[in-house]
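> from the sequence below, what's the structure:
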Amino acid sequence: MGRNSPLRIGVAGLGFGAAVHVPGLRESGDFEVVSLLARNPEKGRLAAATLNIPSVHSEAEEFLAGDLDAVSVALPPPASVDLCRRALARKLPVLSEKPLAPDVPSAESLASLAKGIPTMLDFQFMELEAFQKLKLLIDESALGELWYVEVRWVVQSYSHQNRIWSWKNDARHGGGVMGLLGSHLLFLMDWILGEISGLQAAASNSRNAAFCPAGADPAMDSVSLCLRTRACSCVSAILSNSAPLHEGHLWRIHGARGILTLSNVTRDYMNGFELTLSDAQGTRVIIPTPAPAEQDGRIPPFRALARRFARAIRAGEIPHPSFADGLRVQRYLAQTPA
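Residues are numbered from 1 along each chain as shown. Okay, here's the model as predicted:
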């Protein structure tokens, strides 16, 4: 590859991969999407034609044997682990969806294989201005000593709204609210508030169980967390992806000098965040609620992450969040019900 020429990348997955990875990689200006991996050959050929991708494969080894500089993986956790292992064995840089794996041993194996190879996990929220500013204010001690942190992330997923069963509802396939939302939350807490300890959880899978098909294992759909971080000894969170009424995503960080509130009540879960600071001077908006996105709100933060991934590949560096970061999150997840 030339230093300024686009990196040749293959994308695995027809869902999130086709909807977000492909446009995000292309819009980054750093990648040429040259190959697609799809389990169903007919669906793969149709998607490749629609997305104008020149090559499509249904077998992982054929996909990886192409002239690739990197791979982008958007598959259910068990399938993702297998493909990432094969790619890393070929020393290919990997950008993967989260969580890193369905269990800690698999995550440990991937993190070990990834040593010295550029890898990234799609923890998209750290690419948003509102979360970056929230972290900066906490790092600068804008609130003084932190007293407690409360988070509510309560939404209704497409599968619950329409009662459609998929791997995302099945514990055996790495589904459940902790893998889908909790992995994001635990990563953000670790990144913003420091190392997590003393994690306790209570959970329910009743809404998944209500439409679980025979032979499936309903994953947890609602979880209550209580934990400590390096910056704050009292942190609580409620997560649900099965709520009948959409509440959105809310953080309140209480400190000696005020309260930081980060909220998104829109259904575009990546694009609607407003950040406010309340202190002795009153309440002021730090980051206003953005205008509705003209495209899928997940694409711009993925595009930003893809650009950092490309820079790391060209520089031979390990970017953040890497598979090592994903392993740390996997260990947190192991302390919660599946």
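> distance of A130 relative to L275?
Applying Cβ to Cβ, to the nearest Å, the value for A130 to L275 is 5 Å. For the C-beta atoms, the positions are set from N, CA and C on the backbone; glycine is no exception.
> what ranges do the helices span in the protein?
16, 22-28, 41-51, 60-64, 77-89, 104-113, 129-139, 158-162, 177, 183-193, 206-209, 299-315, 323-333 (DSSP state H).
> ok, and what's touching the first one?
Under the contact criterion Cβ atoms under 8 Å, 6 or more residues apart in numbering, helix 16 has outside partners A74, E97.
> how does it look with 10 Å?
The contact list for helix 16, computed with Cβ atoms under 10 Å, 6 or more residues apart in numbering, reads V22, A74, L75, E97, D122, R298, F302.
> was I right to think the fifth one contacts V94?
No: at 11.1 Å, D122 does not count as touching V94 under the criterion of Cβ atoms under 10 Å.
> show me whatever sits in contact with both of these two.
Residues within reach of D122 and of V94 at once, by Cβ under 10 Å, 6+ apart, are S72, V73, F309.
> show the contacting residues for L88.
V71, V94, S109, L110, A111, S112, L113, A114, K115, I117, T119, F323.
> which one of those is nearest to V151?
Using Cβ to Cβ, F323 is the member of those that sits closest to V151, with 25.4 Å.
> just how off-centre is stretch 25-42 within its chain?
19 Å (Cα atoms, centre = their mean, to the nearest Å).
> again, but for stretch 148-159
Relative to the chain's own centre, stretch 148-159 is displaced by 15 Å; criterion: Cα atoms, centre = their mean.
> flag every buried residue along it.
For stretch 148-159, a neighbour-count test (16 or more other Cβ atoms under 10 Å) marks V149, V151, R152, W153, V154, V155, Q156, S157, S159 as buried.
> among those residues, which are in strands?
V149, V151, R152, W153, V154 (DSSP state E).
> now the first one: how far from M189?
If you measure V149 against M189 using Cβ to Cβ, the figure is 8 Å.
> which neighbours do these two have in common?
With Cβ under 10 Å, 6+ apart as the test, V149 and M189 both reach L227, T229, A231, C232, V235, A237, W251.
> adding distance to N205 and pLDDT, write those residues out as JSON lines.
Output for the shared contacts of V149 and M189, formatted as JSON lines (distance: Cβ to Cβ, whole Å; pLDDT from 0 to 100):
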{"residue": "L227", "distance to N205": "21", "pLDDT": "98"}
{"residue": "T229", "distance to N205": "27", "pLDDT": "98"}
{"residue": "A231", "distance to N205": "32", "pLDDT": "97"}
{"residue": "C232", "distance to N205": "29", "pLDDT": "98"}
{"residue": "V235", "distance to N205": "24", "pLDDT": "98"}
{"residue": "A237", "distance to N205": "18", "pLDDT": "98"}
{"residue": "W251", "distance to N205": "25", "pLDDT": "98"}
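> got TSV for those, with neighbour count and distance to R267 too?
As requested, the shared contacts of V149 and M189 are exported to TSV (neighbours: other Cβ atoms under 10 Å; distance: Cβ to Cβ, whole Å):
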residue	neighbour count	distance to R267
L227	23	28
T229	20	29
A231	19	31
C232	22	29
V235	22	26
A237	21	20
W251	24	18
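> those residues: which two are farthest apart?
A231 and A237 (15.1 Å).
> many thanks, have a good one.
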